[in-house]
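Colleague: here's my sequence, what's the structure:
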Amino acid sequence: MSPDFVGLLTLSLTLSIHLIGTAWWAASMTKRVDYIEKWVTSHEHTAARLAALEQQIAHLNGGIGRVEALLRGRG
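Modeller: Got it, this is the predicted structure:
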């Protein structure tokens, strides 16, 4: 075997391994993106619920403030 043939064989083998690795990586990335998209789709309502909870907390804080003011006025 000539050194040129061995070099060409080594280069071909290296490129093949890199191609297989790249394809494997791309497949795993596709799987991860699909999972994230499904998760986001199933949790779309979370932002609306969070906004509603923040509004309820603000309303409750106002009520607590009024109760505290009333108690300070009596004390």
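Colleague: tell me which helix or strand comes right after the longest helix seen in the chain.
Modeller: Identified as the longest helix of the chain according to DSSP state H is helix 3-42. Of the helices and strands lying after helix 3-42 in sequence (DSSP states H and E), the nearest is helix 45-74.
Colleague: avg pLDDT for that next one?
Modeller: On average, the pLDDT along helix 45-74 is 93.
Colleague: so which bits of that helix are buried?
Modeller: Within helix 45-74, no residue counts as buried by 16 or more other C-beta atoms under 10 Å. Using the backbone N, CA and C atoms, a C-beta is placed for each residue, glycine as well.
Colleague: and that helix, how far out from the chain middle?
Modeller: 31 Å (C-alpha atoms, centre = their mean, to the nearest Å).
Colleague: and that helix, what does it pack onto?
Modeller: Here helix 45-74 touches no other helix or strand, going by 3 or more C-beta pairs under 8 Å, 6 or more residues apart in numbering; DSSP states H and E.
Colleague: break this structure into its domains for me.
Modeller: 1-43, 44-75 (automatic domain parsing).
Colleague: quick revisit: so which bits of the longest helix of the chain are buried?
Modeller: Buried, per 16+ other C-beta under 10 Å, within helix 3-42: nothing.
Colleague: angle of it against helix 45-74?
Modeller: 50 degrees (axes from the mean of the first three to the mean of the last three C-alpha atoms, to 10 degrees).
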